[in-house]
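*Asks:* From the sequence below, what's the structure:
(chains A and B)
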Protein chains: 2
Amino acid sequence: MVVQKYKDMLSGKSVIRQLSEFATARGQEIGYENVFDYSLGNPSVPVPQEFTDAMIRMLQEKNPMELHGYSPSLGITSVREEIAASLEKRFGIPYRKEHIFMTSAAAGALAHAFRLVTEPGDEILTFAPFFPEYHPYVDLTGAVLKVVPPNTETFQINFDALEEMLTEKVKAVLINTPNNPSGVVYSTATIKRLADLLREKSAQFGHDIYLISDEPYREIVFADVDAPCVSKFYDNTLMCYSFSKSLSLPGERIGYLAINPACPDAELMVNMSGQISRGIGHNCPPSIIQLAVAQVLELTADTSIYETNMNILYNELIKLGFTCVKPGGTFYIFPKALEEDSIAFCQKALKYDLILVPANTFGAPGFFRMAYCIATEKVERSLEALRTFVNTEYSNR
Amino acid sequence: MVVQKYKDMLSGKSVIRQLSEFATARGQEIGYENVFDYSLGNPSVPVPQEFTDAMIRMLQEKNPMELHGYSPSLGITSVREEIAASLEKRFGIPYRKEHIFMTSAAAGALAHAFRLVTEPGDEILTFAPFFPEYHPYVDLTGAVLKVVPPNTETFQINFDALEEMLTEKVKAVLINTPNNPSGVVYSTATIKRLADLLREKSAQFGHDIYLISDEPYREIVFADVDAPCVSKFYDNTLMCYSFSKSLSLPGERIGYLAINPACPDAELMVNMSGQISRGIGHNCPPSIIQLAVAQVLELTADTSIYETNMNILYNELIKLGFTCVKPGGTFYIFPKALEEDSIAFCQKALKYDLILVPANTFGAPGFFRMAYCIATEKVERSLEALRTFVNTEYSNR
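*Replies:* Got it, this is the predicted structure:
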């Protein structure tokens, strides 16, 4: 008598989960330091000491009833103010607390964003390659997620495909830049063209098309990369932010939804988010974590290791003959597999203790993802395994 | 183009919120210490020092990547184990980690419980007086909440009314004992009779009826009160627990769903809960808070003040001629107003700086709620105001 749809979801076992289980088992055999596990997008640098200090200071000094008391349903007012001020300073957009809604990381922000602007049956478009969790996130709201096929040359937006799919049913477009899994950052030209198209189609259809911008990797951008602030280009932008990657706090579930002040319904939508929460069992992220991140808004973990790792891997992959767009940010790289079937490719890599993720569930079959949020020393040691793998399995290329 | 149903919800302003705004405004005029604010169910005793010490110790000593890393989707394994062991020790029910799902307090547990066992259109029964948030919690899942009218003599279950409403459409019954707002604890006789009835009706209808037991006040029970563990009496029990009240941590959003091991689908339901999370943007409560509460499972805040306050208020109310069931737990008391219209009654009380909440939204018009989670000294000072209020406004009784 339990609800069948959730029961059914259990049968689809995640490829990443299976690979990670393989890595753990193999690690027990040969030592985890000898398994080159590129499967998981888990930050590998510590949170800034200032965050830890802020937590300890509050625990030692603050009245516990205040510190651990209920947060207002939209988030702690002072925290929302500080986030708004920081966004204004950073991007020159006049955010105020009325535009900020505190969430349980990006997943919580997206859960509210989808419900704000779509009814069951409405369509949301996203772009391959994409984070596969978007499917359950959207499907379980009753809206329909449609995936625009990738431009595999650049992993910027495939506008021909987008124009074809951008019908009247579409109420929102969901982007993720810097992108998981491609590592690519959408350029100013891409964002401008997307914004122009959405304005044109909104006018043509007579209804707003919202841009939901999933930005957990916003702070992980490499040198000299053009990484525009999406909200600057399109009024109806719902920015979904998470501190998980920038502060290396994925387990603490903290982020926010920031509605562009130029969006006519911005303040209304923030208030509506508080109503949505009542239906989904979200009642604000934990108070102490809200208060602590507000004290380190100008900081990030030392993410420079990700760029170091990217350069080592990118150079080696190119040397070995892979086709690969150079990542502009994140801690992912997304090369083309050396055979058409990237699942078979990643299966063979396991023999060399290389854990690579085939990109079929990311909507880009033929590619694979490496998450290089691991120690640089380990990346370096993995190169030999990579060379042996390629030279042994693909010597006839 | 925003979604109308959430917009519409904004127009219904909560009575409690309005009263609390009045209290704040009046407090600015005459000093908050002179406003006898009985409106809010916010714990008024600090979290045990052991919790604070555990938090600080982990922040100082643990590897931050481990401490703040992703929790598995069902919760941190060791935390689930410790909660199961603590429940077994306490109630003699063989809980294992497989029966425990970590949630964002009781609201998160309820959000998962409702979705586990009801499809849109199914009915959930609850009992007046009830926590008014149950309405948005249930309504927004698509299920239908029906409220069984109260037995105003005892605030135990009105079984005649229940039998009439317990039709084939009912998939779950939701109880809250110790109860907000009545303060009453369901007796062993009540729970037994309810369990018998649910077993009988499950057999008659040929489908399971689940008992969803919302237990945030489980640890706040007064001397010599019969406070049975609900799960002991009915296999298909979904216990929804929160540490908000027992540990005075309402802002940290931590609790769990515990499925009775005797429930045939217990382990399946815990796994299904992880799938439900993907649709509602819940990805586990914060890691550090999970780890910290696991270290203080045998403790509570010093809640004895609530019983002291209850006795002072109860005795005065009886002396003043109120009809009132003596609370067995919580920090609420629920007397009958001195006129039929309890909204008018509470409105008049404002003149005496007494903030009382009319019980119309709790499904028991004619009654009012006092939340006595305030300093005992303030309760004592409020008695004079209460006497003046009653003697002035209701001198002709």
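
*Asks:* Just the element for A:A189, please.
*Replies:* Following DSSP states H and E, one finds A:A189 within helix A:188-205.

*Asks:* residues of that helix that come out buried?
*Replies:* A:190-191, A:193-195, A:197-198, A:201-202 (16 or more other Cβ atoms under 10 Å in any protein chain shown). Backbone N, C-alpha and C define where each C-beta goes, glycine included.

*Asks:* for stretch A:59-75, same thing?
*Replies:* For stretch A:59-75, using 16+ other Cβ under 10 Å, the buried residues are A:59, A:64-65, A:67-71, A:73-75.

*Asks:* Filter those residues down to just the ones in helices.
*Replies:* Of those, the ones assigned to helices by DSSP state H are A:59, A:64-65, A:67.

*Asks:* And the furthest pair within these?
*Replies:* Using Cβ to Cβ, those reach their maximum pairwise distance at A:L59 and A:M65, which is 13.3 Å.

*Asks:* which ones are touching the residue lying closest to A:A371 once chain neighbours are set aside?
*Replies:* Leaving aside its sequence neighbours, A:A371 sits nearest to A:G41 (Cβ to Cβ, 6 or more residues apart in numbering or on different chains; 4.8 Å). The contact partners of A:G41, by Cβ atoms under 8 Å, 6 or more residues apart in numbering or on different chains, come to A:180, A:331-332, A:371, A:373.

*Asks:* Spell out which parts of the stretch 251-397 of chain A neighbour chain B.
*Replies:* Contact residues, the stretch 251-397 of chain A versus chain B (Cβ under 8 Å from any Cβ of the partner chain): A:251-254, A:265, A:268-269, A:271-272, A:275-276, A:278-289.

*Asks:* if you set the cut-off to 7 Å instead, what comes out?
*Replies:* By Cβ under 7 Å from any Cβ of the partner chain, the part of the stretch 251-397 of chain A that sits against chain B consists of A:251-253, A:265, A:268-269, A:271-272, A:275-276, A:278-284, A:286-289.

*Asks:* Ok, the stretch 101-250 of chain A next?
*Replies:* A:104-105, A:107-108, A:110-111, A:115-117, A:119, A:133, A:136-137, A:140-141, A:207-208, A:248-250.

*Asks:* ok, which stretches of chain A are strands?
*Replies:* Assigned by DSSP state E, the strands in chain A fall at A:36-37, A:100-103, A:123-127, A:144-148, A:170-175, A:210-214, A:237-242, A:255-259, A:332-333, A:354-355, A:357-358, A:368-371.

*Asks:* Burial-wise, tell me which of these comes out on top.
*Replies:* strand A:100-103 (a mean of 28; mean count of other Cβ atoms under 10 Å in any protein chain shown).

*Asks:* Kindly state the domain boundaries assigned to chain A.
*Replies:* A:4-47+A:302-393, A:68-296 (automatic domain parsing).

*Asks:* If you drop the residues flanking it in sequence, what lies closest to the residue nearest the centre of chain A?
*Replies:* Centroid-nearest residue in chain A, with Cα atoms, centre = their mean: A:P216, separated by 4.7 Å. Of all residues beyond its chain neighbours, the one nearest A:P216 is A:S242 (4.1 Å), with distances taken as Cβ to Cβ, 6+ apart.

*Asks:* wait, isn't that neighbour in contact with A:G255?
*Replies:* Yes - assessed by Cβ atoms under 7 Å, A:S242 is found in contact with A:G255 at 3.7 Å.

*Asks:* who touches both of these two?
*Replies:* Taking Cβ atoms under 7 Å, 6 or more residues apart in numbering or on different chains as the contact rule, A:S242 and A:G255 both touch A:105-106.

*Asks:* quick one: contacts for the closest residue to A:P327 other than its chain neighbours?
*Replies:* The shortest distance from A:P327 to any non-neighbouring residue, by Cβ to Cβ, 6+ apart, is to A:G183 (2.7 Å). A:G183 sits next to A:327-330, A:332-334 when contact means Cβ under 7 Å, 6+ apart.

*Asks:* Now, of these, which are buried?
*Replies:* Looking at these with 16+ other Cβ under 10 Å, the buried ones turn out to be A:327-330, A:332-334.

*Asks:* And the closest residue to A:S44 other than its chain neighbours, how far from B:E98?
*Replies:* What sits nearest to A:S44 in space, not counting adjacent residues and going by Cβ to Cβ, 6+ apart, is A:C373, at 4.4 Å. Distance of A:C373 to B:E98, computed by Cβ to Cβ, to the nearest Å: 31 Å.

*Asks:* still on that earlier bit, of the buried residues of stretch A:59-75, which is the nearest to B:V45?
*Replies:* Nearest member of these to B:V45, counting by Cβ to Cβ, is A:M65, at 7.8 Å.

*Asks:* May I ask you to confirm that the closest one is in contact with B:P46?
*Replies:* Yes - applying Cβ under 7 Å, one finds A:M65 in contact with B:P46, separated by 5.9 Å.

*Asks:* so what's the residue nearest to the centre of chain A up against?
*Replies:* A:106, A:242, A:244-245.

*Asks:* can I get these in JSON lines with pLDDT and distance to A:T52?
*Replies:* Formatted as JSON lines, the contacts of A:P216 follow (pLDDT from 0 to 100; distance: Cβ to Cβ, whole Å):
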{"residue": "A:A106", "pLDDT": "97", "distance to A:T52": "23"}
{"residue": "A:S242", "pLDDT": "98", "distance to A:T52": "19"}
{"residue": "A:S244", "pLDDT": "97", "distance to A:T52": "16"}
{"residue": "A:K245", "pLDDT": "97", "distance to A:T52": "18"}
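
*Asks:* Who are the packing partners of the helix or strand bottoming out on mean pLDDT in chain A?
*Replies:* For chain A, using mean pLDDT, DSSP states H and E, the weakest element among its helices and strands is helix A:15-30, scoring a mean of 87. Packed against helix A:15-30 by the contact rule (3 or more Cβ pairs under 7 Å, 6 or more residues apart in numbering or on different chains; DSSP states H and E) you find strand A:354-355, strand A:357-358.

*Asks:* ok, and for that helix, which residues are buried?
*Replies:* For helix A:15-30, by 16+ other Cβ under 10 Å, it's A:15-16, A:19-20, A:22-23, A:26.

*Asks:* what comes into contact with that helix?
*Replies:* Residues contacting helix A:15-30 (Cβ under 7 Å, 6+ apart): A:35, A:37, A:39-40, A:350, A:353, A:355, A:357-358, A:361.

*Asks:* Stretch A:346-355 now?
*Replies:* A:19, A:22-23, A:26, A:34-39, A:356-358, A:368, A:382, A:385-386, A:388-389, A:393.

*Asks:* again, only this time at 8 Å
*Replies:* Residues contacting stretch A:346-355 (Cβ under 8 Å, 6+ apart): A:19-20, A:22-23, A:26, A:30, A:34-39, A:337, A:356-358, A:368, A:382, A:385-386, A:388-389, A:392-393.

*Asks:* With stretch A:130-137 instead?
*Replies:* A:9, A:14, A:107, A:110-111, A:114, A:126, A:145, A:147, A:174, A:176, A:180-181, A:214, A:361-363, B:275, B:278-279, B:281.
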